[in-house]
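J.: need the 3D shape of this:
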Amino acid sequence: MNRIVLCFVLSTTLYTTYGQAPAIETEQWDKKPVLHTLAAQYQKESAVILLDKRRIEYADEGKDVVAYKTLHKIVHINDDHGIEAFNRVYLGVTNNSDIIDIRAR
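T.: Residues are numbered from 1 along each chain as shown. All right, here's what the predicted structure looks like:
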């Protein structure tokens, strides 16, 4: 397996809302994933993180302030050691939060 691209969009902390939902920014993905090329200096690495984008958005919902957290990560995997390092992902979610959307490929 030459390449695995992991992308995660994690949005948490959604409370019950009354009225219109806040407009939070969502990550837009290409319909077909592209193969990322690595510079020669990274060819011998087991895995290379190409993108690590994190965002926290705050929105007023009634009397509450709600935080939406987004994590978008692209990892290029080169060998079996890289697969072992990135084959499991753990999502930290508290008891009073909900997961809005999770995507991976």
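J.: which residues does stretch 40-50 contact?
T.: With contacts defined as C-beta atoms under 8 Å, 6 or more residues apart in numbering, stretch 40-50 is touched by 36, 38, 73-79, 81-82, 85-86. (C-beta placed from N, C-alpha, C; glycine too.)
J.: change it to 10 Å
T.: 4-6, 36-39, 73-86 (C-beta atoms under 10 Å, 6 or more residues apart in numbering).
J.: let's verify V75: helix, strand, or coil?
T.: strand (DSSP: H, G, I helix; E, B strand; the rest coil).
J.: separation between it and V65?
T.: 33 Å (C-beta to C-beta, to the nearest Å).
J.: then D98?
T.: 16 Å.
J.: quick one on the thing from earlier: more crowded one of V75 and V65?
T.: For V75 versus V65, neighbours defined as other C-beta atoms under 10 Å are more numerous around V75 (20 against 11).
J.: quick one: neighbours of I49, just the number.
T.: With other C-beta under 10 Å as criterion, I49 counts 12.
J.: that one: which element?
T.: Per DSSP states H and E: I49 is located in strand 47-61.
J.: give the buried residues for that strand.
T.: By neighbour count on 16 or more other C-beta atoms under 10 Å, the buried set for strand 47-61 is A47, V48, A59, E61.
J.: average pLDDT across it?
T.: Here strand 47-61 scores 91 as its mean pLDDT.
J.: quick one: secondary structure of Q28?
T.: The assignment at Q28 comes out as coil when based on three-state DSSP.
J.: I102 now?
T.: When the rule is three-state DSSP, I102 gets the label coil.
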